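Participant: sequence first, then the predicted structure:
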Amino acid sequence: MTVAIGTACCVASGEEVAGDEVVVVRQSPWVLIGLADGLGHGPHAAEAASAFCRYVEEHASMPLEELLTAAGEQLSSTRGAAAALVRIDESAGELEFSGVGNIAMKAMSRTAMPIFCSAGILGRRVRRLRSFRFPMSPGDVVVLHSDGIASGFDLTSFRDLDPQEMARRIVEAHKKSFDDATCVVALLRDRSIA
């Protein structure tokens, strides 16, 4: 199996840089996806999100909860961020999730994936982190998005799109103009049809 990924971001109205950032690390047999939403928007939010993504990229093999905790320490000199990590094991067909703050995850999958992010802000106080594990099957889709996207949308209406187009359409249809809006889509495919 292999993971296909699509991302899309729309900068908040009146800003030149996004305070959201995505990081993707492929380290066979797994793929690690991170999404950070720096507090507020503009350059200071971008600084926090970028610090998170750089740290994740350099320490991607750490367990998720430890990685979030250590990344949070790196963000202590910034305004902080909401952030989430998803690691998908392509050979085992397993997803692991851990997050802090108001990052949302939706899934179209054979297995229900009820998750929640721990309360708090990375770089500030965070309550106890939790991680969640779920089996994945070919055809399963997982979506991470920042709170600049209205969360009530129906993912099934985007079912037939490839990951990049799905991310773009979700941002276009459900973004909030006053905040950065970022979406990451991960589709688990059979390697034979990748």
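Facilitator: Good, I have the coordinates. Note that the structure is predicted; figures quoted are calculated from it, not measured.

Participant: who does the residue nearest in space to the middle of the chain form a beta bridge with?
Facilitator: The chain has L35 as the residue nearest its centroid, 3.6 Å off, counting by C-alpha atoms, centre = their mean. L35 has these beta-bridge partners by DSSP bridges: V22, A84.

Participant: how close does it get to A48?
Facilitator: 13 Å (C-beta to C-beta, to the nearest Å). C-beta here means a position set from N, CA and C on the backbone, and glycine is covered the same way.

Participant: cool, I121 as well?
Facilitator: Relative to A48, and taking C-beta to C-beta, I121 is found at 9 Å.

Participant: with S109 instead?
Facilitator: Distance of S109 to A48, computed by C-beta to C-beta: 31 Å.

Participant: show me which of the two is the more surrounded one.
Facilitator: A48 (28 against 17; other C-beta atoms under 10 Å).

Participant: so how far is the host helix or strand of that one off the chain centroid?
Facilitator: If you go by DSSP states H and E, A48 is part of helix 43-58. Remark: helix 43-58 is offset 13 Å from the chain centroid, using C-alpha atoms, centre = their mean, to the nearest Å.

Participant: just stretch 85-92 next, same as before
Facilitator: Taking mean C-alpha positions (C-alpha atoms, centre = their mean), stretch 85-92 and its chain are 13 Å apart.

Participant: list the buried ones in that stretch?
Facilitator: 85-90 (16 or more other C-beta atoms under 10 Å).

Participant: convert stretch 8-19 to PDB, retaining C-alpha atoms only.
Facilitator: Taking C-alpha atoms only, stretch 8-19 is exported to PDB below (Å, rounded to 0.1, in the frame of the first residue of the first chain):
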ATOM      1  CA  ALA A   8      -4.200  23.200   0.000                       C
ATOM      2  CA  CYS A   9      -3.900  26.500   1.900                       C
ATOM      3  CA  CYS A  10      -5.600  29.900   1.700                       C
ATOM      4  CA  VAL A  11      -4.100  32.900   3.500                       C
ATOM      5  CA  ALA A  12      -6.400  35.000   5.700                       C
ATOM      6  CA  SER A  13      -7.800  38.100   4.100                       C
ATOM      7  CA  GLY A  14      -5.400  41.000   4.400                       C
ATOM      8  CA  GLU A  15      -2.300  38.800   5.100                       C
ATOM      9  CA  GLU A  16       0.600  38.000   2.900                       C
ATOM     10  CA  VAL A  17       1.800  34.800   4.700                       C
ATOM     11  CA  ALA A  18      -0.100  31.900   6.100                       C
ATOM     12  CA  GLY A  19       0.100  31.100   9.800                       C
END
